[in-house]
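Trainee: Show me how the following folds:
(4 chains, ligands or ions: 4)
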There are 2 protein chains.
Amino acid sequence: MISRDQTAKRVAAFQAVCRIHGVKATHQRMEILRELAGTEEHPDVETIYERVRRRIPAISLDTVYRTLRLLEEKGVIRRVGSIKDRTRFDANTERHHHFVCAQCGMIGDFTSDVLDRFPVPREAAQMGSVDGVYVELRGRCRKCQMEAKKPEKR
Amino acid sequence: MISRDQTAKRVAAFQAVCRIHGVKATHQRMEILRELAGTEEHPDVETIYERVRRRIPAISLDTVYRTLRLLEEKGVIRRVGSIKDRTRFDANTERHHHFVCAQCGMIGDFTSDVLDRFPVPREAAQMGSVDGVYVELRGRCRKCQMEAKKPEKR
DNA sequence: ATCCATCCAGTAATGATTACTATTTAATAA
DNA sequence: TTATTAAATAGTAATCATTACTGGATGGAT
Ligand SMILES: [Mn+2]
Ligand SMILES: [Mn+2]
Ligand SMILES: [Zn+2]
Ligand SMILES: [Zn+2]
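Mentor: Numbering: from 1, shown residues only, chains lettered A, B, ... in the order given. Ligands and ions are numbered 1, 2, ... in the order given. I've put the predicted structure just below:
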């Protein structure tokens, strides 16, 4: 869980972005961001939709998709998790990387000085200009490891 | 372009895998792998389909999807390129990483001792067991940089 | 309080991927 | 070589996430 303060700060930051970009700070947008900014679990669209619906029952799925695209476009959130079918989101735009469980999809944050200082190899630099580094550690989370050990259940 | 020898070697390796796993080494499967093993451009399904169709006009798109899934499952190929909609494939299973052009989708290979020796941070190790590291440099390729500079043309 | 460009809800459309099924084929042995 | 048969394919339908469309609603500037 993210602190209420931190969440509020992110929502306020987006309201400022709205003013600057001449975009309306609607109830729906704030609730969607508040939902994403208040969790560390990197939820997918469907999950965000279900949760926001508890507060705005009539909200449409398209609004969630549209808003998340807007937020990403404005640099307020990022999308994470490759390969898999469903896109997942992250309101934490600080520099950090992810551990992804190949089994259950759990995504956890970690930081790394080595990666942050990673010098772009000449070989890569020759291909073009590098804007960012996307790193993902793939494996099996603790919970899934435990479950694999238990031969009972079933 | 990959050398004919190298391509043939990969196809032969897959035939061995088929024998071991009791899977049929069909004409379609060999041609699909041959197509992927013969290029460095990390093509998507549609591209592979179009190209294989030149040699097997009646091949179905589903067969291409099914075969690529099989090849990946057997560890003969990998899928690369995150976020984006269309999945792209790579027959090169040697340890290497990718540069991805955010504009045109061009994908290039590079190697890195630093990344290969990358020690998994404790923070990440605590989340579970790590099987692999996926690294992607994102930026703008030379070609797209050039085109952005030319204000003429439209 | 009014006005209007922007936004939203509801729903249809799209596009990639997967599933289904009748027919064909690779592999094995007679 | 031919017969046998489980597995694979072609053709097509279905699915599922995401995006587009449209008439009605609303934020926010005046
Ligand atoms: Mn994160
Ligand atoms: Mn590659
Ligand atoms: Zn897990
Ligand atoms: Zn490019």
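Trainee: So for chain A, the centremost residue is which one?
Mentor: Centroid-nearest residue in chain A: A:Asp90, 1.6 Å away (criterion: Cα atoms, centre = their mean).
Trainee: gap between that one and B:Arg142?
Mentor: Using Cβ to Cβ, to the nearest Å, A:Asp90 is found at 30 Å from B:Arg142. C-betas here are computed from N, CA, C, even on glycine.
Trainee: Check A:Cys101 too.
Mentor: Distance, A:Cys101 to B:Arg142, by Cβ to Cβ: 37 Å.
Trainee: May I have the predicted confidence score for A:Val23?
Mentor: We have a pLDDT of 93 for A:Val23.
Trainee: and chain A, which of its residues are near ligand 2?
Mentor: Taking Cβ under 5 Å from the ion, no part of chain A reaches ligand 2.
Trainee: all strands for chain A, in order.
Mentor: A:78-80, A:88-90, A:97-101, A:107-110, A:128-141 (DSSP state E).
Trainee: strands paired with the first one, and their directions?
Mentor: On the basis of DSSP bridges, the sheet neighbours of strand A:78-80 come out as strand A:88-90 (antiparallel).
Trainee: can you give me the mean pLDDT across the strand it pairs with?
Mentor: The average pLDDT within strand A:88-90 is 96.
Trainee: buried residues in the helix ranked longest in chain A?
Mentor: For chain A, the longest helix by residue count, based on DSSP state H, is helix A:4-21. Residues A:Thr7, A:Arg10, A:Val11, A:Phe14, A:Val17, A:Cys18 are the ones in helix A:4-21 that count as buried (16 or more other Cβ atoms under 10 Å in any protein chain shown).
Trainee: Show the pLDDT at the first one.
Mentor: This points to A:Thr7. A:Thr7 is assigned a pLDDT of 90 by the prediction.
Trainee: Spit out the contact partners of it.
Mentor: Going by Cβ atoms under 8 Å, 6 or more residues apart in numbering or on different chains, A:Thr7 touches A:Arg34, A:Ala37, A:Gly38.
Trainee: top of the residues you listed by neighbour count?
Mentor: Using other Cβ atoms under 10 Å in any protein chain shown as the neighbour criterion, A:Ala37 leads the contacts of A:Thr7 with 22 neighbours.
Trainee: That one against A:Asp5, yeah?
Mentor: No. Using Cβ atoms under 8 Å, A:Ala37 is not in contact with A:Asp5; the gap is 11.0 Å.
Trainee: A:Arg138: neighbouring residues, count only.
Mentor: Quick note: A:Arg138 (other Cβ under 10 Å) scores 18 neighbours.
Trainee: Count the neighbours of the closest residue to A:Gln126 other than its chain neighbours for me.
Mentor: Excluding its sequence neighbours, the residue lying closest to A:Gln126 (Cβ to Cβ, 6 or more residues apart in numbering or on different chains) is B:Arg142, at 7.9 Å. B:Arg142 has 14 neighbouring residues, counting by other Cβ under 10 Å.
Trainee: Skipping its backbone neighbours, what lies nearest A:Val17 in space?
Mentor: A:Lys74 (5.2 Å).
Trainee: Kindly provide the distance from that neighbour to A:Met146.
Mentor: The spacing between A:Lys74 and A:Met146, counted by Cβ to Cβ, is 40 Å.
Trainee: how many neighbours does the residue in chain A positioned nearest to chain B have?
Mentor: Taking Cβ to the nearest Cβ, chain B has its nearest neighbour within chain A at A:Ser82, 2.6 Å off. Residues lying near A:Ser82 (other Cβ under 10 Å) number 21.
Trainee: Equivalent analysis for A:Ala148, please.
Mentor: Neighbours of A:Ala148 under the rule other Cβ under 10 Å: 10.
Trainee: One more: A:Arg88?
Mentor: For A:Arg88, the count of nearby residues is 21 (other Cβ under 10 Å).
Trainee: just the one 4 residues further on next, same as before
Mentor: Neighbourhood size, A:Asn92 [other Cβ under 10 Å]: 17.
Trainee: Return the distance of the nearest residue to it once chain neighbours are set aside relative to B:Thr7.
Mentor: With sequence-adjacent residues excluded and distances taken as Cβ to Cβ, 6+ apart, A:Asn92 is closest to A:Asp109, at 6.9 Å. To B:Thr7, A:Asp109 is 41 Å away according to Cβ to Cβ.
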